[in-house]
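**Student:** only geometry, no sequence info:
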């Protein structure tokens, strides 16, 4: 097979493919053989001559067309892979000709690929990172968070309810006469002013005294409804039982010893600082990778085609909905858990896709500039990692059976024209690792209370090479599900707590 690539305008390429006559004749033979399996009067299956099959199926052109389809289907992925191309859209073949027995078959197609943009500089990037040590502000922020889970309530007398108060309510909420159990009950706590319910709801509970009965209608916030779903009108019958104010407990040695079971405040602060430092040391490598890639993306020159962004957006949606399916979570519940409306969710995914596409093309530019390539051994290693993950192993098994499985998968990906995705992922990993190693890092002057969460990152280790692991999905590989968060923050290790002695 011979192939030739020509660069066209507007991010398109033209790929010309010539398939040898021997492969063409084999495809024609296969087309007749397949058709001959049918029952044809006067002939046993597979014994009807070609001229009879031509008459039955409307002429030799039928088999020439079937053979042309087969030749293109078999040769196109290999032709694409031979030039390390990754199409962004469906190829345009124009009007391909039919094959001729004994002749080479030539066809031409066009498709879009990601542009090879350049960077304004290929020098090491400069970034700032927070110190691994826990600052006083970080320790205090963690303490404040901890205290917020142990609120104390003071009764209010002699005044009406106001914003910030915590109310105790008996409430029945109905929709068209049907009770809504999730919103109904006795002695329900509700804090005014935190916007967990619409303003129309809260106004009825503001400025009233305990014992006041209420009867009113309100509508849920339309922004919290799924697309195309109208916000319902609900009816409320309620009675305000009591009013309290919420305050945080005072951090004293006695409170720490009784509630958290530490020696005292200083012991608690020390352990918190150690816990924060350990967490930051674990998270800083990922933060460094994210900031390095962001810094590189800021050097990218030129516009990212919408087709590249759309490709990333589809991947993001697929990953999100796959995780939702694994966790048996609906879209409405997922949006509620992250505090987003359908509109802000779509906007956030688009923003992440735009950032991810720029970062990916920036990594590609760096890899080209420094001639970072993917070897056959590295490709095989990635597939072995995927197999190990599918088998629940931490490290690839060097057994001959696993090497054989990897080779089979590699051939499957090559025959489908997707091996270029693995090469691309490996190049991006190498670019990311080189950038991280060479990065010039200075300490952030004013570190935030908590490390930022890297989102929308297109670092190669999470986008490119992960494709190799998904290649063995049929063998049982799955993405790691997000660990569930407990209602209260993790407390530092109590291993330094003194042992109790018997009296």
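**Tutor:** Great, that's in hand. Note that the structure is a prediction, hence the values are computed from the model and not measured.
**Student:** Provide the secondary structure category for residue 193.
**Tutor:** Following DSSP: H, G, I helix; E, B strand; the rest coil, the label given to residue 193 is coil.
**Student:** For the residue nearest to it when sequence neighbours are not counted, what is the enclosing helix or strand?
**Tutor:** Closest residue to residue 193 apart from its sequence neighbours, by Cβ to Cβ, 6 or more residues apart in numbering: residue 163 at 3.8 Å. Using the backbone N, CA and C atoms, a C-beta is placed for each residue, glycine as well. Remark: residue 163 resides in no helix or strand, with elements defined by DSSP states H and E.
**Student:** Ok, residue 317 next?
**Tutor:** Element membership for residue 317, per DSSP H and E: helix 306-326.
**Student:** pull the longest strand from this protein.
**Tutor:** Secondary structure of the chain per DSSP state E: the longest strand is strand 233-247.
**Student:** Can you get me a residue count around residue 427?
**Tutor:** Counted with other Cβ atoms under 10 Å, the neighbours of residue 427 add up to 25.
**Student:** what ranges do the strands span in this protein?
**Tutor:** So, for the chain - with DSSP E - the strands run 2-7, 12-19, 105-112, 118-119, 126-129, 152-155, 166-175, 178-179, 185-191, 213-219, 233-247, 300-301, 440-443.
**Student:** With residue 270 as the reference, name the closest of the ones you listed.
**Tutor:** strand 440-443 (22.6 Å; Cβ to Cβ).
**Student:** what packs against the closest one?
**Tutor:** When contacts are defined as 3 or more Cβ pairs under 8 Å, 6 or more residues apart in numbering; DSSP states H and E, strand 440-443 sits against strand 126-129.
**Student:** what does the strand it packs on rub up against?
**Tutor:** Defining contact as Cβ atoms under 8 Å, 6 or more residues apart in numbering, one finds that strand 126-129 is touched by 284, 287-288, 291-292, 295, 439-445.
**Student:** repeat that with 10 Å
**Tutor:** Here strand 126-129 makes contact (Cβ atoms under 10 Å, 6 or more residues apart in numbering) with 280, 284-285, 287-288, 290-296, 435-436, 439-447, 451.
**Student:** In helices only, show me the residues you listed.
**Tutor:** Judged by DSSP state H, the subset of the contacts of strand 126-129 located in helices is 280, 284-285, 287-288, 290-296, 435-436.
**Student:** which pair in those spans the largest distance?
**Tutor:** Maximum distance among the ones in helices among the contacts of strand 126-129 (Cβ to Cβ): 23.2 Å, for 280 and 296.
**Student:** Could you count how many residues lie near residue 205?
**Tutor:** 22.
**Student:** cool, the one 4 residues further on as well?
**Tutor:** The burial count assigned to residue 209 is 11, neighbours taken as other Cβ under 10 Å.
**Student:** Buried residues, the helix holding residue 317. List them.
**Tutor:** For helix 306-326, the neighbour count (16 or more other Cβ atoms under 10 Å) marks 308-309, 311-313, 316 as buried.
**Student:** same for that helix, what does it pack against?
**Tutor:** Packing partners of helix 306-326 (3 or more Cβ pairs under 10 Å, 6 or more residues apart in numbering; DSSP states H and E): helix 331-338, helix 342-369, helix 460-463.
**Student:** could you give the angle of that helix to strand 105-112?
**Tutor:** Angle of helix 306-326 versus strand 105-112, following axes from the mean of the first three to the mean of the last three Cα atoms, to 10 degrees, is 80 degrees.
**Student:** What mean pLDDT does helix 306-326 get?
**Tutor:** Helix 306-326 comes out with an average pLDDT of 92.
**Student:** ok and it relative to helix 342-369, angle-wise?
**Tutor:** Using the same axes, to 10 degrees, helix 306-326 lies at 120 degrees relative to helix 342-369.
**Student:** What is the distance between helix 306-326 and the centre of its chain?
**Tutor:** 7 Å (Cα atoms, centre = their mean, to the nearest Å).
**Student:** Quick check: mean pLDDT of stretch 48-57?
**Tutor:** So the average pLDDT for stretch 48-57 ends up being 86.
**Student:** er, stretch 249-264 I mean
**Tutor:** Here the average pLDDT along stretch 249-264 is 93.
**Student:** Any buried residues in that stretch, and which?
**Tutor:** 251, 255-256, 260, 262-263.
**Student:** one step back: drop anything exposed from the contacts of strand 126-129.
**Tutor:** Looks like the contacts of strand 126-129 have 280, 284, 287-288, 290-296, 435-436, 439, 441, 447, 451 buried, using 16+ other Cβ under 10 Å.
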